[in-house]
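# What follows is a predicted protein model with its sequence.
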Amino acid sequence: MSIRIILGKELEKRFRELAMRKFGYSKGAISRAAQEAIATWVSRAESEVFQFEEDPIEAIDGLLSDVGLDSVELQHKATEFWRTKVASHVSD
């Protein structure tokens, strides 16, 4: 299985250099380093995830009960918010 990601030039350069130093200058070094990095991130993220004891839909509904928007308006606001966040982190 494969995943395609896009990195900034500086991060890609640093990642490649470190991967090759650690795993050697041979085929597969980048993949091995990426697997290690992703496994580390997943392990850390799993330990940070809050576990709901109850129905998560009801919990979200309760959290949003005071919001004066319907689901469609809220979805549009969330999409616009996401776009502005992503645009601010993307280099030209």
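Sure thing, it's come through.
# Give me the pLDDT value at whatever residue is furthest in space from the centre of the chain.
When each C-alpha in the chain is compared with the mean C-alpha position (Cα atoms, centre = their mean), residue 68 comes out farthest, at 28.9 Å. Per-residue confidence at residue 68 stands at 83 (pLDDT).
# Can you tell me the SS state at it?
Here residue 68 is coil, with the state taken from DSSP: H, G, I helix; E, B strand; the rest coil.
# and it, how far is that from residue 77?
11 Å (Cβ to Cβ, to the nearest Å). Every residue, glycine included, has its C-beta placed from N, CA and C.
# Just the terminal-to-terminal distance for stretch 14-32.
15 Å (Cα to Cα, to the nearest Å).
# contacts for that stretch?
With contacts defined as Cβ atoms under 8 Å, 6 or more residues apart in numbering, stretch 14-32 is touched by 7, 33, 34, 37.
# now swap in stretch 39-53 and tell me
residue 59.
# Please export the C-alpha coordinates of that stretch as PDB.
What follows is stretch 39-53, C-alpha atoms only, in PDB (Å, rounded to 0.1, in the frame of the first residue of the first chain):
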ATOM      1  CA  ALA A  39       4.400   4.700  13.300                       C
ATOM      2  CA  THR A  40       5.700   7.000  16.000                       C
ATOM      3  CA  TRP A  41       3.100   9.700  15.200                       C
ATOM      4  CA  VAL A  42       0.300   7.100  15.200                       C
ATOM      5  CA  SER A  43       1.400   5.700  18.600                       C
ATOM      6  CA  ARG A  44       1.600   9.100  20.100                       C
ATOM      7  CA  ALA A  45      -1.700  10.200  18.600                       C
ATOM      8  CA  GLU A  46      -3.500   7.100  19.800                       C
ATOM      9  CA  SER A  47      -2.500   7.800  23.400                       C
ATOM     10  CA  GLU A  48      -3.800  11.400  23.100                       C
ATOM     11  CA  VAL A  49      -7.200  10.500  21.700                       C
ATOM     12  CA  PHE A  50     -10.000  11.100  24.200                       C
ATOM     13  CA  GLN A  51     -12.300   8.100  24.500                       C
ATOM     14  CA  PHE A  52     -16.000   8.700  24.800                       C
ATOM     15  CA  GLU A  53     -17.900   6.400  27.100                       C
END
